[in-house]
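Student: Whatever this is, show me its structure:
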Amino acid sequence: MTTTSDRAPTAPAALESTPRLSLSPRGARPGRLDGAWWPRSRDLLLELPSLAAELDARWGRVTRITVNPAQWPVIPRRVPVTGHTVHVGWYTTEQDEHMIMVCSYTPRRLELLVVPPQTDSTGAARLMAEAADPANTRTASELFAADTLGGGTRQEPGPGFLPSSVAPPGGTGAADRRADTARSRAVSWPPPA
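Tutor: Below you'll find the model as predicted:
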């Protein structure tokens, strides 16, 4: 006997849009990091909207995010998020290369460890738990060094990852198109009433 269902299958894209995020418990005095974020790619235009939307709901409207360009091939200036635009900036020496800083209208900021996308789930879970632990006193880079020295399962960047100083062999066409699209969307926020 064959049965059919009128329910549509769950779309993998919808499942993947939820950010993999671990924050220190509310009310606990955080350590050096406020938690960790495990993006699925190195594309900030694809990754930041879901992170900002999740943090908007949990923590308050996100206004600015800063990264270290050592880990991101393209850094957009603005990213459209539901109902508003988030400004994106970067620091080379002032910010740990394995950290992302998130600012909102509240008077505090979040400093999150960025677990590389190619990290296996066991290593990512360990790093995320350590970063969100209020007793943690290590920086993001110190956590990575300890994980690597302790026999961690962190993987090196795959062949698809390019540092920000290297352009893809065919040019930056796809990345430039995504950046242009994000910029045009950011300019149009808020939508006309």
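Student: Strands along this protein, start to end?
Tutor: Counting by DSSP state E, residue ranges of the strands within the chain are 21-23, 35-37, 62-67, 78-81, 84-90, 99-104, 109-114.
Student: Pick the most buried one from these.
Tutor: strand 35-37 (a mean of 24; mean count of other C-beta atoms under 10 Å). C-beta: built from backbone N, CA, C; applies to glycine.
Student: Flag the shaky bits of the protein, pLDDT-wise.
Tutor: Residue ranges of the chain with pLDDT under 70: 1-17, 30, 149-193.
Student: which residues of it fall in helices?
Tutor: 12-16, 44-59, 121-132, 140-149, 173-187 (DSSP state H).
Student: Show residues contacting the longest one.
Tutor: Applying C-beta atoms under 8 Å, 6 or more residues apart in numbering, the set of residues contacting helix 44-59 from outside is 17-19, 21, 23, 37, 39-41, 62, 65, 67, 72, 74-76, 79-82, 86, 88, 102, 104, 106, 110, 178-179, 181-182.
Student: ok, now with 7 Å
Tutor: Under the contact criterion C-beta atoms under 7 Å, 6 or more residues apart in numbering, helix 44-59 has outside partners 17-19, 21, 37, 39-41, 62, 65, 72, 74-76, 79-82, 86, 88, 102, 104, 110, 178-179, 182.
Student: list the buried ones in it?
Tutor: Neighbour counts over helix 44-59 (16 or more other C-beta atoms under 10 Å) mark 44-56, 59 as buried.
Student: could you give the angle of it to strand 62-67?
Tutor: 130 degrees (axes from the mean of the first three to the mean of the last three C-alpha atoms, to 10 degrees).
Student: Done for today, thanks.
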